[in-house]
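*Asks:* Sequence first, then the predicted structure:
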Amino acid sequence: MNYKINLFLPFICILLLSCSITPSELKVAEQLIESKPDSALKILQRIKPQNIKSDYNRALYGLLKIEALDNNYIPLTPDSALDFSIAYYKKKNDQKHLATSYFYKGRICRNMQKDDKAIALFFSAFDYFSKNNDYFFLSKIYSNFGDVCLFQTDYKTGLHYYKLALECAKKSGENINYKIIYLGNAYRRMKNFKTAKKYYQKTKIQPNDSILYGMKIQEMGLNFYFSNNFDSAQYYIRKSIKYPSKKNAYATKYYALSDLLFDLAKYDSASYYAKVALSYPHNFYTQRECYRILTNVEYLRKDITLMNKYMEQYKNSSDSVRKIESQPKFKVLESLHYADLKAKKAKQEMILFVAILLISMLLSGLLVHVLYKRNKQKKQQLSIVKDELNQKQQHVSKSLSKKIEENKASHIIKQKKSKPELVKLLYNNTLHLDNWQEFKFEMNHTFNQIIDKLEKEYPEITQRELIWCCLHLLEIPNSDRIDILDTTTDGLYKLKQRLAKKVKLKSTKELDDLLKQIITL
């Protein structure tokens, strides 16, 4: 049995390692993706997606591939590998890779001229990168925002986002010359040609940086063209064509040259370069303008057949441009995004508030329950103590009464005195009636501070009346009370009446209840 287990252990380890370790090619490509994107792309193109077993590696491959294509200025097209990456990172809640995937998905939508979808994806990526101060991607997103705004002729907003892109580029340490050119482009669109020229001149680009240098020369040529300086415009635009371009830039250069030559009445050259522009990757706007030039050239040549052909294509292109222009404007989408964020925040705050409220109610209920149980327990304990003290009080009272009876029996035998004198002597010896402080102490101890309470509550009560109260509680017979208080039956009754009046009772019958209430704990 142990032998079989030992055989399978290496196989299991190899299987687990093959599923969990990132292939070395992906690691190398990830390290080179920014510094040497061409090398990274070559590595990724050698990898066969079907050989990638791990979902993690498959998702990383899809993201790195689209990123490498974009960094090499290759136009992006819909990619199922990136869609898998987005689904995987959503499932794993990998916010960083998900935000990056959203950004490149947005780049694909932009290339397809679906700006509304692109903006929504850019904002989804923006939420993560802005929270984490990722200035590299923020710079890219702001640039794309600026591009969309300029296309929609919202130049002021576009300028604002280009400035933000420049600030982020400075913080991330990337090449800021692109951002400066974008700012010049914005000012050119606003027909502020002098300011645009200043921004182009701010760039410090060497000719060996061929793509960026060609971009600068192109923008300078366009700036001269739109400011009606045709000679300088033709020089710079022709010069820019000699430098390599990214994505749709070749089409833009040749279209600009064609338009310029048409204005200079060089119709053959204008027609030629318009066709050259259409042979390169281009957008619907460039396509429409090239067909406009071709239609006008054939009109001037009086070639009605070709003119109608180009006119039809111009109309089709115009329809496509109108569809793009009918997409929701950037400011609308921006407002919707922040309104959605505000709603989500309000919802989260409401959930948090409800959660805190429920927890508070639960804790309050628990506290009330604990205090209730504690109070109930204390009441029970207090009730027990009260019962015990009342029993002790009754016991003391009975003991005192018993002592009186014993002393009475003893004095009857020993003393040869009259009854009143004998009663006084008996109770004086037992209760210390001749010593008020002793009597008061004894009665307070026996009957729960009875005298102190009566004196405090009813200061008009006399000592005789207080003595009667104590004798009443000791259940001393009325005959003995008459002798002790040296009064008559009628006098005793009047004493009770006066006492009842002082303690604010309606009748003497209520005295018993009052006294019992005072001495009960």
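*Replies:* Nice, I can see it. Numbering: from 1, shown residues only.
*Asks:* For Arg107, pull up the helix or strand it's in.
*Replies:* Assigned by DSSP states H and E, Arg107 belongs to helix 95-111.
*Asks:* just Ile467 next, same as before
*Replies:* Taking DSSP H and E as the definition, Ile467 sits inside helix 463-473.
*Asks:* That helix: which residues count as buried?
*Replies:* Using 16 or more other CB atoms under 10 Å as the burial criterion, the residues of helix 463-473 that qualify are Glu465, Leu466, Ile467, Trp468, Cys469, Cys470, Leu471, His472, Leu473. Yep, even glycine has a C-beta here, placed from its N, CA and C like the rest.
*Asks:* check which helix or strand covers Tyr213.
*Replies:* Using DSSP H and E, Tyr213 sits within helix 210-226.
*Asks:* What are the buried residues along that helix?
*Replies:* Along helix 210-226, these residues count as buried under the neighbour rule (16+ other CB under 10 Å): 212-225.
*Asks:* packing partners for it?
*Replies:* helix 177-189, helix 193-202, helix 230-241, helix 249-263 (3 or more CB pairs under 8 Å, 6 or more residues apart in numbering; DSSP states H and E).
*Asks:* Ok, which of those helices comes nearest Leu69?
*Replies:* Proximity to Leu69, assessed across the helices and strands packed on helix 210-226 by CB to CB, is greatest for helix 249-263 (16.1 Å).
*Asks:* Can you list the buried residues in the closest one?
*Replies:* Buried residues in helix 249-263 (16+ other CB under 10 Å): 249-262.
*Asks:* Just send the residues you listed back as CSV, with pLDDT too.
*Replies:* What follows is these, written out as CSV (pLDDT from 0 to 100):
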residue, pLDDT
Ala249, 85
Tyr250, 90
Ala251, 92
Thr252, 92
Lys253, 93
Tyr254, 95
Tyr255, 94
Ala256, 94
Leu257, 95
Ser258, 95
Asp259, 95
Leu260, 94
Leu261, 95
Phe262, 95
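*Asks:* could I get the residues you listed as JSON lines with distance to Asn435?
*Replies:* Putting these into JSON lines (distance: CB to CB, whole Å) gives the following:
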{"residue": "Ala249", "distance to Asn435": "122"}
{"residue": "Tyr250", "distance to Asn435": "127"}
{"residue": "Ala251", "distance to Asn435": "126"}
{"residue": "Thr252", "distance to Asn435": "124"}
{"residue": "Lys253", "distance to Asn435": "128"}
{"residue": "Tyr254", "distance to Asn435": "131"}
{"residue": "Tyr255", "distance to Asn435": "128"}
{"residue": "Ala256", "distance to Asn435": "128"}
{"residue": "Leu257", "distance to Asn435": "133"}
{"residue": "Ser258", "distance to Asn435": "134"}
{"residue": "Asp259", "distance to Asn435": "131"}
{"residue": "Leu260", "distance to Asn435": "133"}
{"residue": "Leu261", "distance to Asn435": "137"}
{"residue": "Phe262", "distance to Asn435": "136"}
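*Asks:* Which one of the helices and strands packed on helix 210-226 lies nearest to Ser326?
*Replies:* helix 177-189 (20.6 Å).
*Asks:* got the CA coordinates for the closest one in CSV?
*Replies:* Output for helix 177-189, consisting of C-alpha atoms alone and laid out as CSV, is shown next (Å, rounded to 0.1, in the frame of the first residue of the first chain):
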residue,chain,number,x,y,z
ASN,A,177,5.7,65.0,-24.6
TYR,A,178,2.6,63.1,-25.8
LYS,A,179,0.4,65.1,-23.3
ILE,A,180,1.9,68.4,-24.4
ILE,A,181,1.1,67.6,-28.0
TYR,A,182,-2.5,66.7,-27.0
LEU,A,183,-2.8,70.1,-25.3
GLY,A,184,-1.5,71.8,-28.5
ASN,A,185,-4.1,69.8,-30.5
ALA,A,186,-6.9,71.0,-28.1
TYR,A,187,-5.9,74.7,-28.6
ARG,A,188,-5.7,74.1,-32.4
ARG,A,189,-9.2,72.8,-32.4
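*Asks:* any idea of the angle that helix forms with helix 193-202?
*Replies:* Using axes from the mean of the first three to the mean of the last three CA atoms, to 10 degrees, one finds that helix 177-189 and helix 193-202 are set 170 degrees apart in direction.
*Asks:* Make 147 the starting number, not 1.
*Replies:* OK, 147 is where the count begins now, so the last one is helix 323-335.
*Asks:* can you give me the mean pLDDT across helix 323-335?
*Replies:* The average pLDDT for helix 323-335 rounds to 94.
*Asks:* helices or strands up against that helix?
*Replies:* On a contact count with 3+ CB pairs under 8 Å, 6+ apart, helix 323-335 meets helix 281-297, helix 301-318, helix 339-348, helix 356-372.
*Asks:* centre of the chain versus it, how much separation?
*Replies:* 37 Å (CA atoms, centre = their mean, to the nearest Å).
*Asks:* cool, and stretch 309-323?
*Replies:* Counting by CA atoms, centre = their mean, stretch 309-323 comes out at 30 Å from the chain centroid.
*Asks:* quick one: buried residues of that stretch?
*Replies:* Residues Lys309, Leu310, Ala311, Leu312, Glu313, Cys314, Ala315, Ser318, Glu320, Ile322, Asn323 are the ones in stretch 309-323 that count as buried (16+ other CB under 10 Å).
*Asks:* swap in stretch 590-603?
*Replies:* Burial within stretch 590-603, assessed by neighbour count using 16+ other CB under 10 Å, is assigned to Thr592, Phe593, Asn594, Gln595, Ile596, Ile597, Leu600.
*Asks:* likewise stretch 295-314?
*Replies:* So for stretch 295-314, counting by 16+ other CB under 10 Å, buried means 295-298, 300-301, 303-314.
*Asks:* Distance of Leu498 relative to Trp582?
*Replies:* As judged by CB to CB, to the nearest Å, Leu498 and Trp582 stand 72 Å apart.
*Asks:* Which one of the two is surrounded by more residues?
*Replies:* Neighbours per residue (other CB atoms under 10 Å) separate Leu498 from Trp582, with Trp582 holding more: 13 against 10.
*Asks:* residues in contact with the helix holding Ile613?
*Replies:* Here helix 609-619 makes contact (CB atoms under 8 Å, 6 or more residues apart in numbering) with 543, 577, 579, 582, 585, 589, 593, 596-597, 600-601, 626-627, 630-631, 638, 641-642, 644-645, 648, 657-658, 661, 665.
*Asks:* just the buried members of these?
*Replies:* Buried residues within these, counting neighbours by 16+ other CB under 10 Å: 543, 577, 579, 585, 589, 593, 596-597, 600, 626-627, 630-631, 638, 641-642, 644-645, 657, 661, 665.
*Asks:* Name all residues that make contact with His578.
*Replies:* So, once contact is read as CB under 8 Å, 6+ apart, His578 ends up touching Glu584, Phe585, Glu588.
*Asks:* Can you tell me which of those residues is closest to Lys488?
*Replies:* Among the contacts of His578, and counting by CB to CB, the member closest to Lys488 is Glu588, at 80.7 Å.
*Asks:* Now do the strand or helix carrying the closest one: which elements does it pack against?
*Replies:* Per DSSP H and E, Glu588 falls inside helix 582-592. Judged by 3+ CB pairs under 8 Å, 6+ apart, helix 582-592 is in contact with helix 476-560, helix 565-577, helix 596-603, helix 609-619.
*Asks:* What strand or helix carries Ser276?
*Replies:* Assigned by DSSP H and E, Ser276 belongs to helix 261-277.
*Asks:* what about the stretch 547-667 of the chain, any weak spots by pLDDT?
*Replies:* By pLDDT under 70, the weakly predicted segments of the stretch 547-667 of the chain are 547-564, 667.
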